[in-house]
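Trainee: any chance you can model this:
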Amino acid sequence: MSAKGSILVIDDETEIRESLAELLEFEGYKTGTAATGEEGLRCLENGLYDLVLLDINLPDRNGLDLLQQIKRESPELGVIMITAYASTQMAFQASKQGADSYVTKPWDNDKLLLEIRNTVDKSRLQVENIQLRRALKRYDLPNVVGKSEKMHKVMDLITQVAASRATVLITGESGTGKELVAKTIHATSPRADRPFVPVNTGSMPVDLLESTLFGHVKGAFTSAIATKRGLFEVANQGTIFFDEIGTVGVETQTKLLRVIQEREFMRLGGTENIKVDVRILAATNADLRKMVVEGKFREDLFYRLNVITLTLPPLRDRSEDVPQLAEHFLRKFSAENGREDLAFTPEALKVMMDYAWPGNVRELENAVERAVVLSSGHSLGVDLLPEQLFQNAVRESGSSFPLENMDGLSLFEIMESCERRIILEMLTRTKWSQTDAAERFKIPLSTLNQKIKRLQIDVKHRRDG
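Mentor: Down below sits the predicted model:
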C-alpha cells in the first residue's frame, strides 16, 4: 500500500475513472478502478484500500445500496460519493448510509484532494485504533490455546483477517483445530451474529453435496417433493466453512468457483439466479498445489480460495504448548464430570510433552478426557495416560535416562523415574496383574507392592476396570 494511501475509484464513465486515477497517482496515491458495483466489491475483497470514490449511479446497482454494503462489511473504510446532481436530500441519504462526504461533477481538484486527504487520514486513524484494540486483546481467543511463537503468529493472523470479508484457506494436519479456527474467525468478525454453516464435503456423494449446497426446486429429481434452500442461502450474511475442500469433485468445484466470483447460483432444477452475501472459509489437510498439478483441483478455484492462507502447526512442533492445552482440556472435562480438584503430576506433563502426538490437539484432548474419567484421586499421573504415551517414553529412554532430562536431577531421582516407567510398562503387559508382573521381574510380590506404593503408581482403578 502507498505511504499516502490506496484509493478505489468505482465509476462507469471511463473518462472519469481514468482522469481520477491519473490525478491521484500524480499526488502519490495508489489506485484501483472498477466500472460496476460488482467489480468494485471484488476489488475490495482482493485488495486493501483506505478510501472508495463511489459514483451514485452505476449500471448494475444503486450507489447508495452499494455504500451501505461496503460500510456494513468494512465500517472503517472511507467512502466519498460522486454525483452529478447535488441535493440536500441526497447528501442526507449518503450521510445516513455512512458516506464520509460527497463531491459533485465537475469538481475542483484542490477541494477534492483536500477532501480525500482528510478522509484517508480519518480512515487510517480508525484502522489504527482497531489494530490497537486487537493488539491489546489479541490473545483473548479463549478456544485458541498456546504460548509458542508459532501460535502467536496464528492468533495475530486470526485477529487481522477476522474483520475483513476475505476468503481464508486454513491448512494443517488432521486434528490441529482447523474448524475451531474457522469458528473463531467468524465469532470475532462483524458477521458474528449471523449463521456459521460448516460443510463436511468429504462425507457426501456429488449429487447430495450439490443439493445440500445450492438447494433444489420441487421435481428436480425423484425425491424432490418440495423446494428446499441450500446451505449457501442458510449462510446468507454469515460464513460458510468447507471442511476438507480437497475432496470436492471437479464438477462441483466449477459451481463453487462461480459462487465465489459472482456471489450467485441456481438451485438444482431451477432457472433463477439467487444472490448471496457469504464469507467463505475453507480447510484442507491435502496439498492443493500438488492436486492442481495432478489435475484433481481447479487452478482458478485454488487461487480464489488462497487469498489468505493460515497454516496451523502440528502439536509436535510446539511441545511448549502442551501443558497449557492439557490444562485447558482439564478444566473443561473436570467441569463436565464434577471434578474440580484434579491436577496433572509433573511426570505426566513431562511424558505428554515428550510425546509426538500424531493425532495432534484432538489426540491430546481425548487423552485428557480419558484421564479425568478414569481418575480416582486428585492427581493425574502417567498411569492414567493412554499406554502409547508412556510406552513411547520408555522406548525413548531405554535402559538409560535421556541426557537432556538430567539437568537438576539427582542420581536417585533419575533411577526412580526409570524404575517407575519400567514397572508401568510391565504392568501394562500383564494387564495390571501384580502377581504376573512380579513373576516376570523374578522378585517377590511383596517387593513389587512396596515399589508400587513408594512410586505412587495407582493400580486400583486398573483392576476395577
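
Trainee: C-alpha only now, for contacts and for neighbours.
Mentor: OK.

Trainee: where does the stretch 251-400 of the chain dip in pLDDT?
Mentor: 390-400 (pLDDT under 70).

Trainee: would you map the strands across it?
Mentor: Per DSSP state E, counting those that start in this stretch, the stretch 251-400 of the chain carries strands over the ranges 264-266, 273-275, 279-284, 308-311, 343-344, 379-380.

Trainee: tell me the secondary structure for residue 54?
Mentor: Using DSSP: H, G, I helix; E, B strand; the rest coil, the structure places residue 54 in strand.

Trainee: wouldn't it be in contact with residue 12 here?
Mentor: No - the criterion here is Cα atoms under 8 Å, and residue 54 misses it with residue 12 at 9.9 Å.

Trainee: more neighbours: which of those two?
Mentor: Counted by other Cα atoms under 10 Å, residue 54 and residue 12 do not tie: residue 54 has more neighbours, with 28 against 19.

Trainee: show the pLDDT at residue 132.
Mentor: On the pLDDT scale, residue 132 is placed at 50.

Trainee: cool, and residue 461?
Mentor: At residue 461, the model reports a pLDDT of 52.

Trainee: on that earlier part again, reformat the strands of the stretch 251-400 of the chain as JSON lines; add mean neighbour count and distance to residue 210.
Mentor: Shown next, in JSON lines, are the strands of the stretch 251-400 of the chain (neighbours: other Cα atoms under 10 Å; distance: least, Cα to Cα, whole Å):
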{"stretch": "strand 264-266", "mean neighbour count": "20", "distance to residue 210": "10"}
{"stretch": "strand 273-275", "mean neighbour count": "14", "distance to residue 210": "15"}
{"stretch": "strand 279-284", "mean neighbour count": "23", "distance to residue 210": "16"}
{"stretch": "strand 308-311", "mean neighbour count": "18", "distance to residue 210": "25"}
{"stretch": "strand 343-344", "mean neighbour count": "20", "distance to residue 210": "47"}
{"stretch": "strand 379-380", "mean neighbour count": "20", "distance to residue 210": "48"}
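
Trainee: mind putting the ones you listed into JSON lines with distance to residue 180?
Mentor: Shown next, in JSON lines, are the strands of the stretch 251-400 of the chain (distance: least, Cα to Cα, whole Å):
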{"stretch": "strand 264-266", "distance to residue 180": "27"}
{"stretch": "strand 273-275", "distance to residue 180": "28"}
{"stretch": "strand 279-284", "distance to residue 180": "11"}
{"stretch": "strand 308-311", "distance to residue 180": "13"}
{"stretch": "strand 343-344", "distance to residue 180": "25"}
{"stretch": "strand 379-380", "distance to residue 180": "27"}
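
Trainee: so which of these gets nearest residue 71?
Mentor: strand 279-284 (15.5 Å; Cα to Cα).

Trainee: in its sheet, what does that closest one sit against?
Mentor: strand 168-171 (parallel), strand 239-243 (parallel) (DSSP bridges).

Trainee: how about the ones you listed, which one is nearest residue 357?
Mentor: strand 168-171 (17.8 Å).

Trainee: what average pLDDT does the helix or strand where residue 208 lies get?
Mentor: Taking DSSP states H and E as the definition, residue 208 sits inside helix 206-214. Averaging pLDDT along helix 206-214 gives 82.

Trainee: surely residue 33 is within a strand?
Mentor: Yes - assessed by three-state DSSP, residue 33 belongs to a strand.

Trainee: in space, what's closest to it - neighbours in sequence excluded?
Mentor: Nearest residue to residue 33 in three dimensions, chain neighbours excluded: residue 9, at 4.7 Å (Cα to Cα, 6 or more residues apart in numbering).

Trainee: just to revisit the earlier point, packing partners for the helix holding residue 208?
Mentor: helix 231-234 (3 or more Cα pairs under 8 Å, 6 or more residues apart in numbering; DSSP states H and E).
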